[in-house]
Every structure is written in structure tokens, then in C-alpha cells.
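*Asks:* Output the structure for:
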Amino acid sequence: MSLAVFADRIASQRGLRSLFFLTAALLSILLIGYHFGTFDQVIHIPFLKATADPSLYPEDAFVALRDPPISYFWNFFIPFYRWGILEAAMFAAHVLATTLTFAAIWRLSLTLFGDALASTLAVITFIFPHFGFLGFPVIEFSLLNRTFALPFLLFAIDLYLNRHYGWAFLLLGLTANLHPLSAGMATAMLLIPTLVEARRIGYARLFLAAVAFLIAALPLLLLWVSNDQPVDWSLRPEWLSLIARGVLTQVLYPFAAIPFVLLLTLSGFSAVWLLLIARRAALAPAIERPVSLMLITAGLIFAVGVFSAQFLPLTVLIEMQLTRVSLLIFIFAYLYFASYLAREFRAQSMHPSRFALLTGTFIFNPLAIFPLGIWGLLRLCKPRRLNWGVVAGCKVGIFGLCLTIAVSLGVWHPGIHIFAPQTDWVDAQEWARDNTPRNAVFITPPEKGSLYEPEWRVFSERSSVVSIYDLFEIALRPDYLDTWLERFELLAPGAEQQFNGNYFETKALTSQAYASLTDQQLLQAAHSFEAGYLVVEKPHSRDFPLLYENEGYIIYQLP
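*Replies:* Numbering: from 1, shown residues only. As a prediction, the model looks like this:
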């Protein structure tokens, strides 16, 4: 059965289509991996646990930042935490969100191009990880409120293009309660074409759509009003500098002269070029104008984000992290090029060997640089056909290069980790949870934690003095910056001044500074922050009473 026949069957059979989306989700999760308690969850899970059980982290000034909440998403998991099935519930939600994302991709592609083959190619493509601009893949390796919100944003755009304006803005309003930043960007993308075509749409329909949005977003709006926090239009260049140099360089400065940042930005613009290649005669006239306005609006939002970070660091604009809108641009770009490949396949205008090389490079490689390069070479050299050995060699070579880059940077770690990973670091956390009082405060290595490694608070359920990963939340809570700096300087003296935007060097500098502390400096920090315990990574050791030891870590009692 050819791919085109398979695509038509999926389009005509709802059950088969649902099975296709679920299969794509499971394959993607197997390929990309799933990790609990790492990356952005190092903030969300302690916040969730403290909300469900206020007796946890009572002395942790950072965890206190959870109030007021920024979204309601994590509140839905409070019952599951109390029932002891948080991990299973979050994995089930991740599978659901991933399945819905593939369904939304398929549906949006069908609306744009009216071709089931294009939709099927798009779904198959996104099974594999693809990175552009800021380095966030479409399918991520853990459950976050932004990943759960993504399919609903795509469904809202699809509803809008099908002229169901009320339902589109109702869905956007509901999604704003889960992830206000991404919902706000998607709403802005729809707002411009709405204003331009207001007369055609009808003012009555627009009024009803606005009412639907406000009613759906009412919980979030009431939260903002009740907390009476004014919009912060102040300039905070020092805050911006620190969060960018520490952990968010690629988000705030996508043109920073750091190799992996420039590589991601180049991949993003390569995807835009693929969109321009595929755009010719791609859309039905009825939706060509609103889609163009959406993409132009998204590009302007991205440009404002870059400009504000570079020249006008207004707090409110930096907090919104406007460059994240590039993910929606990236998705549109890949949908467009998948439709281009579908048209080429149906027209049989390419020799099968050329088509196989271009399509294989597009689907299997994470960076849009490579399919754009292959397309350019095929256009430049214009070979009628290619040797199948050359096709296979090119695919393997490009894939091997991408795999080497991913492994060397530590950004690919497949495996399904629904529960806590079995590591010495997690074992130390679990010992602390089971053998220390709930109000215990720990001095811990402030660099510990990463894309695939949990931070101390996640599994210990105990307070720690400071971590470099606190900066992810400080990007949204700038008032905590001074507190963080005071704590960080005591536990990693001189490290912050050396941050240069390279995430990997940030971790190394912090680790070296922490290891250089004398016992007296640690006692001074313990006294300042009323910490009673110290965690040290081997081979380092300290002259304090030893409470726990495994092959990787030692926990000491501090006097």
C-alpha cells in the first residue's frame, strides 16, 4: 500500500486516524525519551508539592515564589500527588498531550492544504525531533504546561481558519489559564488578521468571540486582579544580563556569538526559507491572507523580543519571552514543506532517488539546515537521478553528524523514566526525605540538575539554599534577584561574574566555585541561611559529622 493510499484511508476512517496519532505519539516518546523531575520540572514539581502540602519547604524562600501562581495547570495534579500517583498521572497527561499535538498538526495541515498526504507526512516528520531558533523541539521529553497547551493553540488556529471565530477564541481563553505566555502570543497572531478583516467577519461575531475569550480566561484574569500586581515597565538591564548569561541566552539573544546558539538560529531561519520555497501556490485563496498576516505578526513579535533584549530591556517584555513565538513559525514552516513534498510526490516531477534523498533528509534530521542544503544542491546540480548508494550514504552521513552533535552536547537522552531515576544523586535526595525533618535546610551543589538530572528539591522534598536553576523562575519573578545573588555569591563566589551565556560553562564554573569553599565559608553560609545539612559530591569531602554516604555523594550534619 502506497503512502498516498494510506493517507487517504486515514482521512476517511476516524478510528484508524486516532490509532495513527497515538502510534505516532508513542513512537516519538520512545525516540525522544521521557523524563520526570528534570529540566523545567525542577521548579514546577516542588511548587506543586508545596501547594498540595504546605508543610513542605517551609524555610525555602524560592519555593515561596509559587504564590501567586502564574498558571492553573499544575493544580490539576494536586489530587494525584495526594493519592500517591503523581508520576503515573503526569506520564498519562504527557501521552495525551503528545497524541493531541499530532492530531492538531494533521488537522491544521489538512485545513491549510486540503491534502491528506501532506498531513500524514507532517505527522511522520514530527515523530522525530526537530530544532529551530531557541532549541525547543515540537515534541519535548517531559510534561510541561507549555507542551500541554500547544495542541490547543494549534486547534484554535485551525478553528479560526475554518471561520469558527467564537470557538477559536474560547479555546484560546481556556488555554491562557494553562500557559498564559504561549496563549497570549497565539492570540496576538490571530488578532491582527481579525482586525484587518473585521468588516468581512462581522462586528457581531467579533464581539461574541471577544466575550467568549474573556469568559474562558476569567480564572486567570481574576487571579491577576486579586493580586493587584501592576505591569512592570521598568528597565532592568542587570536582571536581564544575569538570566541571559546564566541559563536563557538562546531565548533572549538568539544571535549571540555562541556556536550552539547560532546553529539553532540558523536552523530556524532555514525552516523559514523552506516555508518560502513551499509557499508558491500552496494555499487556498480563502485562507492565504489570514495565514500570511499570522506569520507576519509572529515574525514581528519575534523581532520585538530580540529588539527589547538588545536595546530596551523593559521588564514586562523580557518576562514575556516573546521569541518563543518562533515555535509556531517553525511548525508552520514544516507543515508547508511537507505539503511541498506531497505535491512533488503526486506530480512525480522528481526522480524517486531525488525525492527519497530530500524527503529522508527532511524527516529524519533535526536541523532544517540539511533539507534546505539538499534542496539547494538538487536545484543547482539538477541531476535527473541519483545512485541509490549515494542517497543512502548521504542520509546516513547527515544523520550521523546530527547524532554526534546531539550526544556531544548532551541534549539527547532517550529512555522512559516515569519515576525517579536510579542514581546516587536521587538516592541522596530520598535519604534526606526519609531521615530529616520537613523544615530541614540543605546546602547543596548549586550546579546540580540539568535537562536530564533533577535538582535537589524535586525528590528530597527539602529546602535548599540556592541553585542556578532558580534563574528560570527569576526570569518571571525579577524581585527575587537580589535574594538569589546574595545566596549564590556565598556558595559559588565569583562564578556569576564569569557567566558568558554558555550553559555548559555556567555549570562548570559554578561547580568549581562551590568546591573551592573552605569549611569556614560553608559554616558562615549555613549560619546566614540556617542550614543544618551539607551535600558534597565526591571525590570532595569535608570535616563535618557524616550522616549518609553513597558512591557519589556525602551528606554532613552542620553544627
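
*Asks:* Run through the neighbouring helices and strands of the helix or strand containing A513.
*Replies:* Using DSSP states H and E, A513 maps to helix 503-515. Contact analysis of helix 503-515 by 3 or more CB pairs under 8 Å, 6 or more residues apart in numbering; DSSP states H and E lists helix 495-498 as its packing neighbours. Using the backbone N, CA and C atoms, a C-beta is placed for each residue, glycine as well.

*Asks:* Can I get the helix it packs on as CSV, trimmed to CA atoms?
*Replies:* C-alpha atoms of helix 495-498 as CSV (Å, rounded to 0.1, in the frame of the first residue of the first chain):
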residue,chain,number,x,y,z
ALA,A,495,31.1,32.4,39.4
GLU,A,496,28.3,34.7,38.4
GLN,A,497,30.7,37.4,37.2
GLN,A,498,32.2,34.8,34.8
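
*Asks:* And the contacts of that helix?
*Replies:* L242, G246, L485, F488, E489, L509, T510, Q512, A513 (CB atoms under 8 Å, 6 or more residues apart in numbering).

*Asks:* these two touch, right, the fourth one and Y469?
*Replies:* No. The pair formed by F488 and Y469 falls short of the contact definition of CB atoms under 8 Å, at 11.4 Å.

*Asks:* Now the buried members of the contacts of helix 495-498.
*Replies:* L242, G246, F488, E489, L509, T510, A513 (16 or more other CB atoms under 10 Å).

*Asks:* least confident pick among those?
*Replies:* Ranked by pLDDT, the buried ones among the contacts of helix 495-498 bottom out at G246 (91).

*Asks:* which non-adjacent residue is nearest it?
*Replies:* In space, and not counting its chain neighbours, G246 is closest to L471: 4.5 Å by CB to CB, 6 or more residues apart in numbering.

*Asks:* now A183
*Replies:* Per CB to CB, 6+ apart, closest to A183 is A176, 3.9 Å.

*Asks:* right, and that neighbour touches A186 too?
*Replies:* No. With contact defined as CB under 8 Å, A176 does not count as touching A186 (9.3 Å).

*Asks:* How far does the helix or strand that the helix holding A513 is followed by sit from its chain's centre?
*Replies:* Where DSSP H and E defines the elements, the next helix or strand beyond helix 503-515 is helix 519-529. If you compare the mean C-alpha spot of helix 519-529 with that of the full chain, they lie 36 Å apart, counting by CA atoms, centre = their mean, to the nearest Å.

*Asks:* still on that earlier bit, show me which of A176 and A186 is the more surrounded one.
*Replies:* A186 (28 against 25; other CB atoms under 10 Å).

*Asks:* Next one: that one from F152, what distance?
*Replies:* 9 Å (CB to CB, to the nearest Å).

*Asks:* Overlap in contacts, these two.
*Replies:* T175.

*Asks:* I'd assumed L181 was in contact with L220.
*Replies:* No. Applying CB under 8 Å, one finds L220 not in contact with L181, separated by 11.6 Å.

*Asks:* And the residue nearest the centre of this structure?
*Replies:* F136 (4.8 Å; CA atoms, centre = their mean).
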